[in-house]
Structures are given as structure tokens and as C-alpha cells.
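**Student:** test case, fold it:
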Amino acid sequence: MASKDVEVPPPSASGTTSTENATTSSSSISTATTATAPSTALSIPASAANQSSSGANLTSSTEGGSTTFASRSSLFTSPIKYSSLKKEGEYLHDFRDGDKTLMNYVNHVGAMNVFDIFLDYTRVITQDSKQSAAAFYKEENASLNRYNDIRYYIHANYVDGYREEKKYILTQAPLEATFERFWEMVWKENSTMIVALTPLDGEKCPIYLPIGSGQSKEYGAIKVVNMGTRHIRDVYDATLLMITKDGSPIRTILHIIFFSWPDKETPIRPTEIIHFIDDINFNRNILMKNAQNKGWLTEGKTTKSPIIIHCKAGVGRSGALAAIDICSRKLDDTFKRGSPAVDVRDTVLRLRTQREMAVQKPEQYLFIHLSVYEYAVRKRYFESIEDVHLDLFVNRKPKK
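**Tutor:** Okay, here's the model as predicted:
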């Protein structure tokens, strides 16, 4: 299945900076009057195109099946072929006949120790098909690249959510050479939210937006105004931004910086990530409704307003966050349908067909499992408290 790169035309001019007065945001989110947004159809400039085609022969562990394992080796047998992960008219992440139920999943993962889960991760990454990255290696694109071993992250990739196409755009942290293209993407894709999983320290991640309340910056034709920042639960900052282009009325978006997720590592515990994802989805719904009321975002099931997520390279932490959200939304939906279902391995495999190298480290893969398990406990998706075994992820030998 071919991955879809998000690409934008080169901006028309270099950015300049200015400072203006603006109103500090209150605890509620409000939007200013705006005009209809430009089309979301993508145009692909030759200099920025990131051509890629992912293979269709990924494999995954057996769906459902027995919840008891005779030996450690049996945890990884009976792979199935991913001949076509997504067909026209279908969602990439959906509920399906034969899905692994929550209890099957818990018993399956409970048969593993940490080392087994790390081994399972190595099997996931070895199933990635080789993908073309011709545009990545072009000399003229060198200034747009952050890492040499992470191929197609230069601009971004669309990534589907649970029963929602293009819910996310996963991208690298903007470089100074890509600031204008980044904001062109925000505008072109009608995004109402940007999530940064790395601090904007000016070194590892350049500062690509005005930081002080009331300050503004111009990135080509796009003007960005900081309307104020709130510090939430000592783990993230939420900044209300107003953006306009070529004299168009203002759009209101939210920029969030999460501080508690070190590069190539994980947060100390899943709890705050679970709350953080809830905050993201809650505020996104508010912002989208406001945008629809103002007329620059269309209403209906086909409405697209992707959440733009980046860390440094846009693969490790960004991929893990998307995977946790996908699994959590699937648990919510399937619980309402009468049988909660989840499969982290299957979710990550599918995610990696749209964003190469998503979920970059085995520790992140383990953290997704821990987060999904805690989410199910907090939402009371288990039939009985006796089904909740908090020692499942503690170092211990697998079941015999």
C-alpha cells in the first residue's frame, strides 16, 4: 500500500518578524471570524516530492486464538500475511471479525515478560518492507533533512486514526529551512491543532512560532500571532494562536508542547499520556466545531482537520502517541458494541505502513502496551476486577 506524503508548495517569500498587541487567552477557547479555507487537495512540487511505495507483505501475529501458551517460542508463531492492509471504502484501523478481544490480548501479553515484548518488537521492525526514498536522497533536499537514517519524514505523512482517515499528520520538527513550508501545511490542511512532543529549545528543535504573548511572526504569506499560553498539570503548555494568510480573516488553532517525554525514551508512567490524549481529542472537537461555525472548515463526515504531531524526527514518540490513541479509541468503540477488542502489534504494523519507522524503540513499544492496559483498567472495560492482574508486566517468567 503506498504511503501518502503530505507536501506543500514552496512558500512565496522569506519570513520576517514583528511584535503586536494581542489579547491573552482565557481558560475557554474562542475563535475569530474567518473566511472559507482553500482546497485541501495536495499539490506536489518536484523539489519536495517524497516518493514512496510500501510493500504489501507485512506479517503479524495470529489474531485471537488461544490465551494459553505452551512455551515461549509459541508466542511468535503462525504469522498472517498482510496482502492488502487497506482497501477502498475501508478503514485501516477498524473492528473486524476475529479481532483479539481485550481478555485475549491481556492473556497473550501476560504470557510475556519484558524481554519477550522487546523480541516481539524486533519482529515487527523486521517485517517492514523496503521503501523507495529517491526524493530523500536528492542533493537539493539535503537542507530539509534532519536525519540520514530516517527516510521519509521531510514534510510529513498522513496517518489514519481509528475509523477516521487522515486524523494525524506525523512530521519532523521544523528546521529553519522549512518553517514557511510547515506553516503552509498547517494552513493548507485546515489543521486546528499542533502537538509538539519535544521542547522548542532553539537547538534540537528550533522555535518556529512566536513565544511571547502578544508577539507575532510572519512566515512567507502566513502571519502567526500568540494569544497567550496556559501551563497544564506541569506537563504541557497550551498556546492559542491566530493565523491569517494574504489578508484572509483569522483562524484560531491550538499549539501544545508536551515536556515529559524524553527523546528515544518514554514517560515515567502512562497516566499523564492518557490524560494528555483525552485533552487533545476534547480540544480538537471544540476547535473543529468553532471552525465550522466560522465557515472555514466544512461540516460532515468527510471533514478533515488533521492533528499535526511532531517530536524530533516524527517517528518514535509521535508514532507511539498515535498508536495509543488508535488503540484507546478502538477499545471505546468495541466496548460499546459489546466486546472490547485491541491488538497493539497489529496497530503498530498498520501504522508503520503509513509512517516508516513509527514507534522507533522497543521501550516505546512496551510503553504502548502499558498505556493500553492502564486505559482499559481506568475505563473499567474488564468484566471483573479479578481479570485485572497488575503483575502482568513485571519481570517474571512466561506461563508454562
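
**Student:** buried residues in stretch 375-383?
**Tutor:** By 16 or more other Cβ atoms under 10 Å, the buried positions in stretch 375-383 come out as 375, 376, 381, 382. For glycine as for every other residue, the C-beta is placed from the backbone atoms N, C-alpha and C.

**Student:** strands along the protein, start to end?
**Tutor:** For the chain, the strands defined by DSSP state E cover 16-19, 58-60, 80-82, 157-161, 164-171, 193-196, 215-219, 222-232, 236-245, 251-258, 307-310.

**Student:** hey, least reliable of those strands by pLDDT?
**Tutor:** Ranked by mean pLDDT, the strands of the chain end with strand 58-60 at the bottom, a mean of 28.

**Student:** quote the end-to-end distance of stretch 220-239.
**Tutor:** Using Cα to Cα, to the nearest Å, the end-to-end distance of stretch 220-239 comes to 21 Å.

**Student:** buried set for it?
**Tutor:** For stretch 220-239, by 16+ other Cβ under 10 Å, it's 220-229, 235-239.

**Student:** over to stretch 176-193?
**Tutor:** For stretch 176-193, burial by neighbour count (16+ other Cβ under 10 Å) applies to 178-193.

**Student:** ok, which pair from the residues you listed is furthest apart?
**Tutor:** 178 and 192 (20.9 Å; Cβ to Cβ).

**Student:** least confident secondary structure element in this structure?
**Tutor:** Taking mean pLDDT, DSSP states H and E as the measure, the chain has strand 58-60 as its least confident helix or strand, at a mean of 28.

**Student:** now, which of the buried residues of stretch 375-383 sits nearest residue 256?
**Tutor:** Nearest to residue 256 among the buried residues of stretch 375-383, with distances taken as Cβ to Cβ, is residue 375, at 19.6 Å.

**Student:** ok, now which ones touch the closest one?
**Tutor:** Going by Cβ atoms under 8 Å, 6 or more residues apart in numbering, residue 375 touches 270, 274, 324, 327, 328, 331.

**Student:** lowest pLDDT pick from those residues?
**Tutor:** Lowest pLDDT among the contacts of residue 375: residue 270, 94.

**Student:** isn't that residue right up against residue 369?
**Tutor:** No - Residue 270 is not in contact with residue 369 according to Cβ atoms under 8 Å; the separation is 9.5 Å.

**Student:** is it true that residue 165 touches residue 91?
**Tutor:** Yes - the pair residue 165 and residue 91 qualifies as a contact (Cβ under 8 Å) at a distance of 7.1 Å.

**Student:** returning to what we had before: okay, the strands of the chain in a markdown table with distance to residue 342 next?
**Tutor:** Shown next, in a markdown table, are the strands of the chain (distance: least, Cβ to Cβ, whole Å):
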| stretch | distance to residue 342 |
| --- | --- |
| strand 16-19 | 46 |
| strand 58-60 | 14 |
| strand 80-82 | 17 |
| strand 157-161 | 14 |
| strand 164-171 | 17 |
| strand 193-196 | 22 |
| strand 215-219 | 40 |
| strand 222-232 | 27 |
| strand 236-245 | 26 |
| strand 251-258 | 23 |
| strand 307-310 | 21 |
